[in-house]
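Q: fold the following for me, if possible:
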Amino acid sequence: MAEIPCKELIDRERYPIDKPDNPVRAAVIARTRESFREDGCAVIRGFFSDAGLQALRDEALARVDQAYYSANTACNVYLGDGNPERADDHPQNIFLERTNGFVPADTYGEDTVSRRLYAWPPLKDFIADCLGKDELFVYEDPVSNMIVNVCRPAEQFNWHFDTNEFTITMLLQSAQSGGYFEYVPNLRNPDDERYGAVKRVLDGDRSGVKRLRLEAGDLQLFLGRFSLHRVTRNTGGQDRLVLIMSFAERAGMVGNRVRVRNLYGKTAAIHENETARPVRADGLLD
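A: Numbering: from 1, shown residues only. Here you go, the predicted model:
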């Protein structure tokens, strides 16, 4: 089969992302920035061409049986261990059901459509422009930088914060029912975990919760490090598949060793020497 050029994966009539001076591209960026400024979330509907969506979905479907499912289905919103120095009802010690799986990044070779798109400069430049950033770097974690979140029927992904600041998600296959994306914008900030606010959400307060119904082919830009979010239970009859690409504002960033092992069932050599890697711009829990 002939290799599909990256530009043909995108609906370039609506989103000419590889043409920096195109006024249509500029208008998309302006709309996306406005949405992102509002609450740290922006959705670009129907971002992919039919052929592009099919190619990306086919690669994900071919790897679904390689998804890792943790034997421990209970985790806190930081997707880590509890803290014995905190009270039992502290957010670090409140454990929720997580039943989704992850196809790790190292199942994708460099010649795959998904990996080529992740490395395609026009995509990274377009995302940086949408976020108002001078430059973004590929997240250098070989296990988790480009993954597929698999929510099979009856599965869900509990409330959590992301490790990386920016998460780019591409819905490849939607749930027939359920599987909503819910989030609480900017619940914590770089200087404050805001445990009290987190606890209120975990106790059932939905006053700040927003819900999105994403459709196959949508591109979502999300500030997941600061906004608490989850995927509700898939109540339909087919898998919900999301390709997730991660970027960082600093070169050399990788995931926390414990978190990576918990989510993906493995680590790599790069995770072992945590003191040698760039320090995050904030002191928040990973």
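
Q: how about the helices in the protein?
A: 23-39, 50-61, 113-119, 121-131, 195-202, 257-264 (DSSP state H).

Q: closest to residue 7 out of the ones you listed?
A: Closest approach to residue 7 among these (Cβ to Cβ): helix 121-131, 7.4 Å. All C-beta atoms are positioned from the backbone trio N, CA, C, and that covers glycine.

Q: average pLDDT across that closest one?
A: Here helix 121-131 scores 96 as its mean pLDDT.

Q: just the CA coordinates of it, formatted as PDB?
A: The C-alpha trace of helix 121-131 is given here as PDB (Å, rounded to 0.1, in the frame of the first residue of the first chain):
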ATOM      1  CA  PRO A 121       6.500  19.700  11.800                       C
ATOM      2  CA  PRO A 122       3.400  21.400  10.400                       C
ATOM      3  CA  LEU A 123       1.200  19.700  13.000                       C
ATOM      4  CA  LYS A 124       3.500  20.700  15.900                       C
ATOM      5  CA  ASP A 125       3.800  24.200  14.600                       C
ATOM      6  CA  PHE A 126       0.000  24.500  14.200                       C
ATOM      7  CA  ILE A 127      -0.600  23.200  17.700                       C
ATOM      8  CA  ALA A 128       2.000  25.700  19.100                       C
ATOM      9  CA  ASP A 129       0.300  28.500  17.300                       C
ATOM     10  CA  CYS A 130      -3.100  27.400  18.600                       C
ATOM     11  CA  LEU A 131      -1.700  27.400  22.100                       C
END
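
Q: just the buried residues of it, please?
A: Buried residues in helix 121-131, counted by 16 or more other Cβ atoms under 10 Å: 122-124, 126-131.

Q: what's the burial count for residue 113?
A: Neighbour count for residue 113, taken as other Cβ atoms under 10 Å: 19.

Q: leaving out the residues flanking it, which one is nearest to it?
A: Nearest residue to residue 113 in three dimensions, chain neighbours excluded: residue 55, at 4.6 Å (Cβ to Cβ, 6 or more residues apart in numbering).

Q: how near is the one you found to residue 4?
A: Plainly put, residue 55 is 6 Å away from residue 4 if you go by Cβ to Cβ, to the nearest Å.

Q: neighbour count: the two, which is higher?
A: The neighbour comparison of residue 55 against residue 4 (other Cβ under 10 Å) goes to residue 55, with 22 against 17.

Q: so the residue nearest to residue 113 makes contact with residue 115?
A: No - using Cβ atoms under 8 Å, residue 55 is not in contact with residue 115; the gap is 12.0 Å.

Q: check what pLDDT residue 212 gets.
A: 95.

Q: got the contact list for the spatially most central residue of the chain?
A: Centroid-nearest residue in the chain, with Cα atoms, centre = their mean: residue 167, separated by 4.2 Å. Residue 167 makes contact with 221-222, 224, 244-246 under the criterion Cβ atoms under 8 Å, 6 or more residues apart in numbering.

Q: what do you get if the cut-off is 10 Å, keeping everything else the same?
A: Shown in contact with residue 167 (Cβ atoms under 10 Å, 6 or more residues apart in numbering): 139, 220-225, 227, 229, 244-247.

Q: how about it: what's its closest non-neighbour residue?
A: residue 224 (4.4 Å).

Q: what is the burial count for the one you found?
A: Other residues near residue 224 come to 23 when the count uses other Cβ under 10 Å.

Q: how about the helices of the chain in JSON lines, adding distance to residue 9?
A: Output for the helices of the chain, formatted as JSON lines (distance: least, Cβ to Cβ, whole Å):
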{"stretch": "helix 23-39", "distance to residue 9": "16"}
{"stretch": "helix 50-61", "distance to residue 9": "3"}
{"stretch": "helix 113-119", "distance to residue 9": "6"}
{"stretch": "helix 121-131", "distance to residue 9": "9"}
{"stretch": "helix 195-202", "distance to residue 9": "36"}
{"stretch": "helix 257-264", "distance to residue 9": "25"}
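
Q: for those helices, which one sits closest to residue 146?
A: Among the helices of the chain, the nearest to residue 146 by Cβ to Cβ is helix 113-119 (5.0 Å).

Q: dump that closest one to PDB, keeping only the CA atoms.
A: What follows is helix 113-119 as a C-alpha-only set of coordinates in PDB (Å, rounded to 0.1, in the frame of the first residue of the first chain):
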ATOM      1  CA  VAL A 113       1.000   6.800   9.900                       C
ATOM      2  CA  SER A 114       0.400   7.800  13.500                       C
ATOM      3  CA  ARG A 115       4.100   8.200  14.300                       C
ATOM      4  CA  ARG A 116       4.800  10.100  11.100                       C
ATOM      5  CA  LEU A 117       2.000  12.500  11.900                       C
ATOM      6  CA  TYR A 118       3.300  13.000  15.400                       C
ATOM      7  CA  ALA A 119       6.700  13.900  14.000                       C
END
